[in-house]
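Colleague: sequence below, structure please.
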Amino acid sequence: MNGLLNVGLSTAVTGTVASFVTAAALALLAKAEGKSAVQPTNATSHWLHGDKAGAVRKADLAHTAVGFGTHHASAMFWAAPFEAWLARNPQRSPLLMLRDASAVAMIAAVVDYLVVPKRLTPGWETVLSKRSIAATYVALALGLAAGGLIAQAMRRTVLSYSKE
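Modeller: This next block holds a predicted model:
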């Protein structure tokens, strides 16, 4: 399979898994803090709606769909360099995959909260505690690692079929 196509497909798999894992973590963490499960996702739409987006407690197209779309695009963004790195290196054990995914998640946290302008942060800080935000980046690492392992298994399957 073409290398760029392979990385693209792997990025789609890994990014989607990471997106859903972190979205689930955000919902659970919000509930644990007495917030609505959709508030962190709604808060991610703050780039369009301002900081008040995090106060929206119900699901709606304007906040939840925009927030989830933004969140999903961000997960794909971080999955791309992760998968490009994996494509240039040998197969990974689950432990090495988690190590590499953790490094990407740490870089994402630094970029999200120390580098980009406030309007481009995930917005979770308007809804969640710092502890829950940190836990979400742990979930991102787990999601990237799980997605990376799934993509790695898919690549092995494709290679074994192409050799037959």
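
Colleague: tell me where this structure has helices.
Modeller: Along the chain, the stretches classed as helices by DSSP state H are 3-32, 39-43, 46-49, 66-87, 94-110, 130-162.

Colleague: residues contacting the residue most central in space within the chain?
Modeller: In the chain, the C-alpha nearest the mean C-alpha coordinate belongs to residue 75, at 3.3 Å (CA atoms, centre = their mean). Residue 75 sits next to 15-16, 18-19, 22, 140, 143 when contact means CB atoms under 8 Å, 6 or more residues apart in numbering. Every C-beta, even on glycine, is put in place using the N, C-alpha and C of the backbone.

Colleague: mind showing which ranges of the chain have poor pLDDT?
Modeller: Across the chain, the ranges flagged by pLDDT under 70 are 1-2, 158-164.

Colleague: hmm, 50 instead?
Modeller: In the predicted model, the chain carries pLDDT under 50 at residues 1.

Colleague: quick one on the thing from earlier: tell me the most buried of the helices of the chain?
Modeller: Mean neighbour count (mean count of other CB atoms under 10 Å) peaks for helix 39-43 among the helices of the chain, with a mean of 29.

Colleague: which strands and helices lie in contact with that one?
Modeller: helix 3-32, helix 66-87 (3 or more CB pairs under 8 Å, 6 or more residues apart in numbering; DSSP states H and E).

Colleague: which phi and psi does the closest residue to residue 27 other than its chain neighbours have?
Modeller: Nearest non-adjacent residue to residue 27, counting by CB to CB, 6 or more residues apart in numbering: residue 37, 3.9 Å away. Residue 37 adopts backbone torsions of phi -60, psi -30, taken as degrees, to the nearest 10.

Colleague: again, but for residue 34
Modeller: phi 80, psi 20.

Colleague: could I get the helices and strands packed on helix 39-43 as TSV with distance to residue 104?
Modeller: Output for these, formatted as TSV (distance: least, CB to CB, whole Å):
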stretch	distance to residue 104
helix 3-32	9
helix 66-87	5
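
Colleague: which one of the ones you listed lies closest to residue 154?
Modeller: Closest approach to residue 154 among the helices and strands packed on helix 39-43 is made by helix 3-32 (6.7 Å; CB to CB).

Colleague: no further queries at this time; thank you.
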